[in-house]
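Chemist: Next come a sequence and a model predicted from it.
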Amino acid sequence: MLFSIWLGCSLYEGAEIIPIEPDPDNTGGRESIALNTGRYLKQILKYKNLLFLYTKEEKMEEKITKTIIQGYFEKLSDCLHVDVAIAGAGPSGLVAAFDLAKAGKKVAVFERKLAPGGGVWGGGMLFNEVVVQEDVIPILKDFCINYRDAGDGYLAMDSVEFASGLIYGACHAGVRIFNAVSVEDIVFKGNKVSGVVILWTPVGLAGMHVDPLVITAKAVLDGTGHPSEIAVLATKKAGIKIDTKTGGIMGEKPMWVESGEASTIENTKRLCPGLYASGMAANNVSGGFRMGPIFGGMLKSGKKIARIILEDLP
Ligand code: 48F
């Protein structure tokens, strides 16, 4: 046993094994055995600090890993059934999530990418500046986002501050954001959209044949932006008729800024029992125009859909 501690200490140091010389006058008698033991103990004491560090370091590794795993599983277990499941952490989804959480609802957001924030980060053509209309000042204040007056009723801000402010505000309000998780299907039970089917984004990207998991929800919000992926699943896969002129997805129209901004808010609505759309997803579903790098409509769409969901939820 003494030998293994000594060996452990020596190996830990990363040095060659240091031999411990026995009593040179080793006679094999009682005194000699006592002397040898004393020499071994001295050697062990010399390494006791290293031995302590070794044990502590091992525990630290275990502690860090355990803390991460337990924390994640607590979050996920807590969200197996939620009031509102939101697909996509763009500006409209984050504002909706914030308002719903502030109203006391349990909200989980599933974001395909590693970084939530959707189309905000890149500003316009990667110039990381964003423009909004001045009537959204109260929303910017809710999220403590700085802005500057750009004249003619417009405000401008740094897109990185805008994106990170929306994300932080939502998290701080109690929203659970699961990043790198894609919504790949819906739960459709008793003629109602009742949840989302989720899978790690990298698993999907790797083309692995892995079954997903299910989150049930009283309401599902499609905040997936231009492709309105959840509404597409509802109409094409589940054959649900949604609340549009055609009963299906009408498709986004080209750029017309004023019209796009107005229609984003008009098109923000409940599509069918249990399913709602906000932001560019709402515009794609109902055939609105696109509007480019102006984000006031997205923020107001998030607020509007939160109100509608709150009215519908028991
Ligand atoms: O597109 P996005 O930012 O959503 P939005 O709230 O805002 C639109 C504006 O950013 C901009 C615009 C306005 O000026 O035209 O585009 O409508 O964010 C949508 C988020 O949804 C994620 C995607 O990665 C993005 O971050 N997403 C898309 N499909 C899925 C998804 C999915 N199936 N599962 C999870 N997340």
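Modeler: Everything's here; your move. Numbering: from 1, shown residues only.
Chemist: How about the residues of the stretch 151-300 of the chain by the ligand?
Modeler: 182-183, 223-225, 229, 279-281, 290-295, 298 (CB under 6 Å from any ligand atom). For the C-beta atoms, the positions are set from N, CA and C on the backbone; glycine is no exception.
Chemist: give me that answer again for 8 Å
Modeler: For the stretch 151-300 of the chain, the contact set with the ligand under CB under 8 Å from any ligand atom comprises 181-184, 198, 201, 223-227, 229-230, 260, 264, 278-283, 290-295, 297-298.
Chemist: Of these, grab the buried ones for ChimeraX.
Modeler: Listed next is the ChimeraX selection for buried residues among those, using 16 or more other CB atoms under 10 Å:
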select :181,182,183,184,198,201,223,224,225,229,230,260,264,278,279,280,281,282,283,290,291,293,294,295,297,298
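Chemist: so of the residues of the stretch 151-300 of the chain next to the ligand, which ones are in strands?
Modeler: Val181, Ser182, Val183, Glu184, Ile198, Arg290 (DSSP state E).
Chemist: check contacts around the last one.
Modeler: It stands for Arg290. His226, Glu252, Lys253, Pro254, Met255, Trp256, Gly260, Met280, Asn283 (CB atoms under 8 Å, 6 or more residues apart in numbering).
Chemist: Pretty sure the last one sits against Glu266.
Modeler: Read that as Asn283. No: look at Asn283 against Glu266 with CB atoms under 8 Å: they stay out of range, at 9.2 Å.
Chemist: Need phi/psi at Gly195.
Modeler: phi 160, psi -180 (degrees, to the nearest 10).
Chemist: Tell me how many other residues surround it.
Modeler: 24 (other CB atoms under 10 Å).
Chemist: Quick check: it vs the ligand, distance?
Modeler: Relative to the ligand, Gly195 is positioned 13 Å away (CB to the nearest ligand atom, to the nearest Å).
Chemist: still on that earlier bit, so of the residues of the stretch 151-300 of the chain next to the ligand, which ones are in helices?
Modeler: Residues of those located in helices (DSSP state H): Thr201, Glu229, Ile230, Gly260, Thr264, Gly279, Met280, Ala281, Ala282, Asn283, Gly297, Met298.
Chemist: in stretch 81-93, what counts as buried?
Modeler: For stretch 81-93, by 16+ other CB under 10 Å, it's Val82, Asp83, Val84, Ala85, Ile86, Ala87, Gly88, Ala89, Gly90, Pro91, Ser92, Gly93.
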